[in-house]
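> Compute the structure for the input listed below.
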Amino acid sequence: MSVELQEIREKIQAIDKEIIELIAQRISYIPTIVSCKKEQNLPVFQPEREKQLYEQYWQIALEKKINPELIREIFDRIIFESTRLQEECRKNE
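Numbers count the residues shown, from 1 in each chain. Modelled structure (predicted):
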């Protein structure tokens, strides 16, 4: 394997690690989100908020020349997991 290929792979691995760290950071806000939603008497799942987010993400994907469907699939999973964790957190309060 060439040195150039190895260097690029290492950069990609570093980016992947950052993505994982950002997801962990996002998840760390869940207890606070649950508390705020509880104080404001808001449900865990808020379809209008989700719709707004997807519209923003779609636009960003287009601007960055990334397939918006890919971004949608990624955030489908992230939001699903976030909702699941919020529901779990709320049950444990």
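
> And what about Glu87, helix, strand or coil?
helix (DSSP: H, G, I helix; E, B strand; the rest coil).

> Correct me if wrong: it contacts Ile33.
No - with contact defined as CB atoms under 8 Å, Glu87 does not count as touching Ile33 (11.6 Å). For the C-beta atoms, the positions are set from N, CA and C on the backbone; glycine is no exception.

> Kindly list the longest helix within the chain.
helix 3-28 (DSSP state H).

> Tell me the helices and strands packed up against it.
helix 68-91 (3 or more CB pairs under 8 Å, 6 or more residues apart in numbering; DSSP states H and E).

> ok, and what's touching the helix it packs on?
23, 26-27, 30-31, 33-34, 37-38, 44-45, 50, 53-54, 57-58, 60-62 (CB atoms under 8 Å, 6 or more residues apart in numbering).

> what's the angle from it to helix 3-28?
40 degrees (axes from the mean of the first three to the mean of the last three CA atoms, to 10 degrees).

> How about helix 68-91, which residues are buried there?
Within helix 68-91, the residues that qualify as buried are Ile71, Phe75, Ser82, Leu85, Gln86, Cys89, Arg90, counting by 16 or more other CB atoms under 10 Å.

> And stretch 37-44, by the same measure?
Result for stretch 37-44 [16+ other CB under 10 Å]: buried residues Val44.
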